[in-house]
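Asker: model this:
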Amino acid sequence: MGSEKALERKLREAVKKAGGLAVKLTPVGLTGMPDRLILLPGGRVAFAEIKSAGKKPTALQQTRIAALRVLGFTAAVIDGEERLKGFLEELHVI
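Answerer: Numbers count the residues shown, from 1 in each chain. So this is what the prediction gives:
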């Protein structure tokens with residue numbers, strides 16, 4: 001299951017089960033931001049860019065993700081089940 005929609009659904013469900021929110025971002029005036037803002041108990045914040053299998057983030061998306069990481073945030077590109085699992089493990093959600 002590598003479709004963007006299916007990966008987003010699994011992400012939302014896992015974060016919700018952990019007591020958090022996976023908010024869809026639609027930032028006005030700041031293009032290239034990741035698709036999801038992940039808010040977890042304890043004030044933990046992360047960002048996720050969801051892509052269908054085989055798709056890559058744009059150069060601007062890569063720049064935004066790198067900038068978020070420099071600021072100390074967890075920010076990932078999720079393009080398949082394995083990467084989703086790794087991201088959720090990194091956040092201690094599963």
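Asker: Grab the longest strand from the protein for me.
Answerer: If you go by DSSP state E, the chain has its longest strand at strand 44-50.
Asker: For that one, enumerate the helices and strands it packs against.
Answerer: Helices and strands touching strand 44-50, by 3 or more CB pairs under 8 Å, 6 or more residues apart in numbering; DSSP states H and E, are helix 4-17, strand 36-40, helix 59-70, strand 74-78. For the C-beta atoms, the positions are set from N, CA and C on the backbone; glycine is no exception.
Asker: Quick check: neighbours of that strand in the sheet, parallel or antiparallel?
Answerer: Using DSSP bridges, the strands paired with strand 44-50 are strand 36-40 (antiparallel), strand 74-78 (parallel).
Asker: okay, those strands in CSV with mean pLDDT next?
Answerer: Formatted as CSV, the strands paired with strand 44-50 follow (pLDDT from 0 to 100):
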stretch, mean pLDDT
strand 36-40, 98
strand 74-78, 97
